[in-house]
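A.B. asks: could you look at this predicted model? Sequence included:
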Amino acid sequence: MPLFEGLGSGGEKTAVVIDLGAAYTKCGFAGETGPRFIIPSEIQKPGQQQSIKVVQYNINTEELYSNLKEFIHTLYFRHLLVNPRDRRVLIIESILCPSHFRETLTKVFFKQFEVPSVLFAPSHLLSIMSLGINSGLVMDCGYTETLVLPVYECIPILSAWEALPLGGKAIHKELDGLLVEQCTVDSDSSTGQSLPTVIGSIPEEVVEDIKVRTCFVSDLQRGLKIQEAKFNLEGTAERPTPPPDVDYPLDGEKILHIKGPIRDSVMEMLFEQDNEEKSVATLVLDTLVKCPIDTRKVLSENLVIIGGTAMLPGFLHRLLAEIRFLVDKPKYRDALATKSFRLHSPPAKPNCTAWLGGAIFGALQDILGSRSVSRDYYNQTGRIPDWCCLSSPPPESVYDAGKTPPPLMKRAFSTEK
Amino acid sequence: MASLLQPDRVLYLVHGEKKIRSPLSTLYFCRYCSELRSLECVSHEVDSHYCPSCLENMPSAEAKLKKNRKRICNQLNENFRCANCFDCPCCMHTLSTRATNIPAPLPDDPSKTAMKKAYYLACGFCRWTSRDVGMADKSVASGGWQEPDNPHTQRINKLIEYYQQLAQREKLERDRKKLARRRPYMPLAFSQHTIHVVEKYGLGTRLQRQRPGAPITSLAGLSLKEGEDQKEINIEPAQALDEVEPLPEDCYTRPINLPEVTSLRQRLLQPDFQPAGASQLHPKHKHLLIKRSLRCRKCEHNLSKPEFNPTSIKFKIQLVAVSYIPEVRIMSIPNLRFQKECQVLLTLTNPVENITHVTLVGCEEGDPEDINSTAKVMVPTKELVLAGKDAAAEYDELAEPQDFQDDPDVVAFRKSNKIGFFIKVVPQREEDGDVTVSFKIRHDFRNLAAPIRPSEEGDAPAEAIWLTHHVELSLGPIIA
């Protein structure tokens, strides 16, 4: 990028692109090749040791407002180092984000930080933009859930979405359970103690670190054998040889011995089919079944996998193998004619792909300007338009002082005059 | 008794969008609006950037434009990272440059070797060095270290250019439509209703105007046609792969060397690469810090503006509340008993140089601001006079003691600009928790920031206005 672009060349300043995820937030500027910072979506209150998660949907508005305010404050003044008032904001969100959260976030941006405009963009659509294609089946493996949404000719097929709560959070819980159950801790005074006696519970950060550094996803054959051995009641099925144990240091004094079998079996929970026969791989096939027939071939040959959980070693290979294995099963064999599946590799790591799409979109200054919700519009209507809510007035009518406003949609259906 | 001086014992009420109660030491005072402001009701702005380790100032954007561009080119760092300092990728400490002498052949005579200085980066905390990642030693002390480039930069730039072209097309189409609609005969042909229908149901073409907030049909259907533009940029859409690389076989059998595997935090510091192996962790330039300036939202005046120089902690503008508003502090509390009248000693300090008159008023019944008090309070009814703050008073032995007639029942002592006075407190509630009282303090304030009047008025002192603040005191638990 030329060095002086945006510095008084007549254009406006580059927009700020924020991807507010449940576990990590990616933030940076439009037009760049990667986010400047990937920080945990947490705030630290003075006096409390435990950090508070910012993205919570069940807390009341006051608390959410103050959490978001503090988080966005650190984002601007510790990491991005720019004035909020100068730059437009592009927020990348999941389409399943509750309206209440969106409204609170918008209020923080407009009332507290007085940004000029805000635009909420769906992450699945922006990932397609980072590849230069028009259609694709996007699967976002994140922290709270895995969400699949197909996009055909740049339009999301909203009716075909599928989701499962199998993400980083579920993996951490499972891993925590296995560690407490099976592993021992050596401290300087004793050896071989069970975990709960030495330290109360493992903080989630440590569990996440163990997951990232020691665990991996086995390939299909091995994975199926592990699942068989786990669910086998007679005990006849044998588990393949586990990988070696790992000594993980905790706090500098204690050493946690992680058993080998944990390392490859904890990830199987993503691919084990539960009672409804759903797993991360069946999501893709179920979505395809829901999509219109003529779109299926294009979608199945353009799979895009984004999200932090997709960066586990061996995940993509296993996912593709599972999809191909499952498509031959009776459930899908007749429903889906297409058997070829292809995977894209975007020009960024899977956890930054949605952000990159946002950065590319944010670099188109006129488009960003015309589609954003400006501060004036927000001050006049007091709310932000949402894809699921049809009663927002179109923006032009808000500005025409002389004309009477056009009839809102609800008037068309009601009998009031 | 130091706990009586804790800042959150005495809270002042700030009227803003939200009513905030906080100690005077954390508040600002806007001279122009004559109101207290807290951190939540002012707007924060970035004032200047500086590097925390080398304390070098990064010029702000306006300064860059005014000065000579060529000279600034070397220092210009849009990344907000210091050009000289590096962070250790393992422990995030600041790296220091170390020098060694290595034998190197002389340029003139290859057979002779002479000692040359070679520089490498090392961390004093975790003993990481730049040689661990294979970075060669440099011959210059600073400026030789480069961060690796993102291999996808070119592709991304091409994508941006392609989409910018599509965006241009959409803009042209939109402008053409807008222009077409402005033709004068249109309103005659179309009634008000039809225009609304058209707006409501769209134009039925693929180039439907986007409502803000609607799912972005990002430039749908606007692919470039062949030969339409002279300088069209075509990009190849990304190719999907049939096969993905599987895990290496030895992953199942090889024992891990845990220090060689990067932790998540180390990976996320390098968002472009996120390497899994510690041998690929390259140092990054140090991130800058900022100095913040505060601005009142109503009158847009600066409340706090720090010095430009990073080594200076002073302020150019510092409108803090403690230098304008008299401060109430608790001096001593007797044993508080339920329903018994106790006398509490408070001090009042005058921060300005003029004599200040202070009146205390108790809160009335049903006062909407009075929500926390759990006791009745009787404040002195007479007006209290505070002497001005005189910096030279302690050195001036011949100064006449100022004679204020103080009622000994009300005023306990007087010392330069501070007085101690009594209030009577009757705790009303017998419960666990602190006894809280509140009252209003009314004082005169001379606004020196008033606009300069024409000199016909002579040397009139600035007019005094009366300000009222709501104060809450937390006096501690009831001792039965």
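C.D. replies: Cool, got the structure. Numbers count the residues shown, from 1 in each chain, chains lettered A, B, ... in the order given.

A.B. asks: any stretches of the stretch 251-400 of chain B with poor pLDDT?
C.D. replies: For the stretch 251-400 of chain B, the stretches with pLDDT under 70 are B:393-394, B:396-400.

A.B. asks: do the stretch 1-150 of chain A as well
C.D. replies: Within the stretch 1-150 of chain A, the stretches with pLDDT under 70 are A:1-11.

A.B. asks: which bits of it sit near chain B?
C.D. replies: Applying CB under 8 Å from any CB of the partner chain, we find that the stretch 1-150 of chain A lies next to chain B at A:1, A:3-4, A:7-8, A:24, A:26, A:31, A:33-39, A:73, A:77, A:79, A:81-83, A:85, A:95, A:111-114, A:119-122, A:125, A:129-134. The C-beta positions use only the backbone N, C-alpha and C, and glycine is treated the same way.

A.B. asks: restricted to helices, list those.
C.D. replies: Secondary structure assignment (DSSP state H) places A:His73, A:Leu125, A:Met129 from these within helices.

A.B. asks: buried ones only from those, please, as a PyMOL command.
C.D. replies: The following PyMOL line selects those of these that are buried, judged by 16 or more other CB atoms under 10 Å in any protein chain shown:
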select buried, chain A and resi 73+125+129
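
A.B. asks: can you say which of the residues of the stretch 1-150 of chain A next to chain B are buried?
C.D. replies: Neighbour-count burial (16+ other CB under 10 Å) is assigned, among those, to A:24, A:26, A:31, A:33-39, A:73, A:77, A:79, A:81-83, A:95, A:112-113, A:119-122, A:125, A:129-134.

A.B. asks: would you map the strands across the stretch 151-300 of chain A?
C.D. replies: Along the stretch 151-300 of chain A, counting by DSSP state E, counting those that start in this stretch, strands occupy A:155-156, A:162-164, A:184-186, A:193-194, A:246-250, A:254-258.

A.B. asks: need the least confident one among those, by mean pLDDT.
C.D. replies: Lowest mean pLDDT within the strands of the stretch 151-300 of chain A: strand A:193-194, a mean of 78.

A.B. asks: residue of the stretch 251-400 of chain A nearest chain B, please.
C.D. replies: A:Pro385 (2.9 Å; CB to the nearest CB).

A.B. asks: ends of stretch A:342-355, how far apart?
C.D. replies: One end of stretch A:342-355 sits 23 Å from the other (CA to CA, to the nearest Å).

A.B. asks: list the buried residues for it?
C.D. replies: If you call a residue buried by 16+ other CB under 10 Å, then stretch A:342-355 has these buried ones: A:343-355.

A.B. asks: any bit of that stretch sitting next to chain B?
C.D. replies: Yes. With CB under 8 Å from any CB as the measure, stretch A:342-355 is seen reaching chain B through A:Arg342, A:Leu343, A:His344, A:Ser345, A:Pro346, A:Pro347, A:Ala348, A:Lys349, A:Asn351, A:Cys352.

A.B. asks: which ones among these are found in helices?
C.D. replies: Among the residues of stretch A:342-355 next to chain B, no residue falls in helices (DSSP H).

A.B. asks: domain assignment for chain A?
C.D. replies: Listed domain ranges for chain A are A:16-128+A:351-399, A:131-166+A:277-344, A:168-269 (source: the TED database).
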